[in-house]
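Peer 1: Attaching a predicted model along with its sequence, questions to come.
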Amino acid sequence: MTNTVPGHELGYQTKLEEVYVEGVEPLLIRSLLDRQQYYDPDGLAEALGISSAIWPLFGLVWPSGLQLAAQIATRPVRETERILEIGCGLAIASLVAHRRGAQITASDCHPFAPRFLNDNLHLNGLSGLPYRHGQWGEAKPVSALLNVCLLSDRYDLLIGSDVLYERDTPQQLAEFIDRHAAEQAEVWIVDPDRGHRPAFNRKMASRGFVLKQEAKMPAFVKVGPATKEPYKGRMMIYRRQNALTR
């Protein structure tokens, strides 16, 4: 089901669609209508380094995000485990984990990410989910208009999808993960083969993270009750080297 939602009064248009992740109830997700949407009247996104070309990317349903959600749907819920989704966008993986009772925090640098997260929590009858502003790379000014907390804690499991999208990302993301990973943390990254994986492996290794497993993802992602979409990519699982010896 896909319904267009008028949004001219918001400065952008959205749609409602059901998202299917195997093992959990379908989610009703509000997303941007298409990649042509853009709205930054106060220049906040621009101040954070988000150009008009990449502004809408946070608000779309991506195949890699669905793959990550499918993986977190199969992980046993551990009462004391703290999970962080990095570069969450619409935070579908976070919504799935939250629905299953996991202790998860969503993070992104887009100023509209928390707005869409709250809308989608409400649409699915879910309680509040922690959100933190988390940005890798050069530090950008964070306006009080964001009205969100900055990411500062460390987590046991860090997950992300399609986050290796630029040449400088491997080093920036590895540094970011190192800052927010607990001593024995595990890291899951779903990557649609954008070409930066080898560099990221090296940068992670230099910070004590060993590539424990690299697996091809299922060839398709489920996008409807009987609809599948082709997918090319894989998931990498890293552990800190000292954690592997325990």
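Peer 2: Yes, it's here.

Peer 1: Off-centre distance for stretch 60-79?
Peer 2: 10 Å (CA atoms, centre = their mean, to the nearest Å).

Peer 1: What's the end-to-end length of that stretch?
Peer 2: 31 Å (CA to CA, to the nearest Å).

Peer 1: Spell out, range by range, the strands that occur in the protein.
Peer 2: Under the criterion DSSP state E, the chain contains strands at 2-5, 14-19, 27-32, 82-85, 103-108, 131-133, 149-150, 155-161, 181-191, 209-216, 220-224, 227-230, 234-240.

Peer 1: Sheet partners, orientation included, of the fifth one?
Peer 2: Okay, so that is strand 103-108. strand 82-85 (parallel), strand 131-133 (parallel) (DSSP bridges).

Peer 1: re earlier: wait, which of the strands of the chain is closest to residue 67?
Peer 2: strand 181-191 (5.0 Å; CB to CB). No exception for glycine: its C-beta is placed from N, CA and C like everyone else's.

Peer 1: follow-up on the earlier one: please identify which of the strands paired with strand 103-108 is closest to residue 156.
Peer 2: Residue 156 lies closest to strand 82-85 among those, at 5.1 Å (CB to CB).

Peer 1: now the helices: where do they sit in this structure?
Peer 2: 44-47, 63-72, 92-99, 113-123, 169-180, 197-205, 241-244 (DSSP state H).

Peer 1: ranking these by burial, who's on top?
Peer 2: Of all the helices of the chain, helix 92-99 carries the top mean neighbour count, a mean of 26, counting by mean count of other CB atoms under 10 Å.

Peer 1: quick one: average pLDDT of that one?
Peer 2: If you average the pLDDT over helix 92-99, you get 98.

Peer 1: With stretch 116-129 instead?
Peer 2: Regarding stretch 116-129, the rounded mean pLDDT is 97.

Peer 1: hmm, who's touching it?
Peer 2: Contact partners of stretch 116-129, identified using CB atoms under 8 Å, 6 or more residues apart in numbering, comprise 16, 27-31, 58-59, 88, 90-91, 94-95, 98-99, 104-106, 131.

Peer 1: returning to what we had before: out of the strands of the chain, point me to the one whose mean pLDDT is lowest.
Peer 2: Looking at the strands of the chain, the bottom one is strand 2-5 with a mean of 55.

Peer 1: okay, now the closest residue to residue 41 other than its chain neighbours: neighbour count?
Peer 2: Using CB to CB, 6 or more residues apart in numbering and skipping residues adjacent in sequence, the residue nearest residue 41 is residue 11, 6.6 Å away. Neighbours of residue 11 under the rule other CB atoms under 10 Å: 11.

Peer 1: That concludes my questions; thank you for your assistance.
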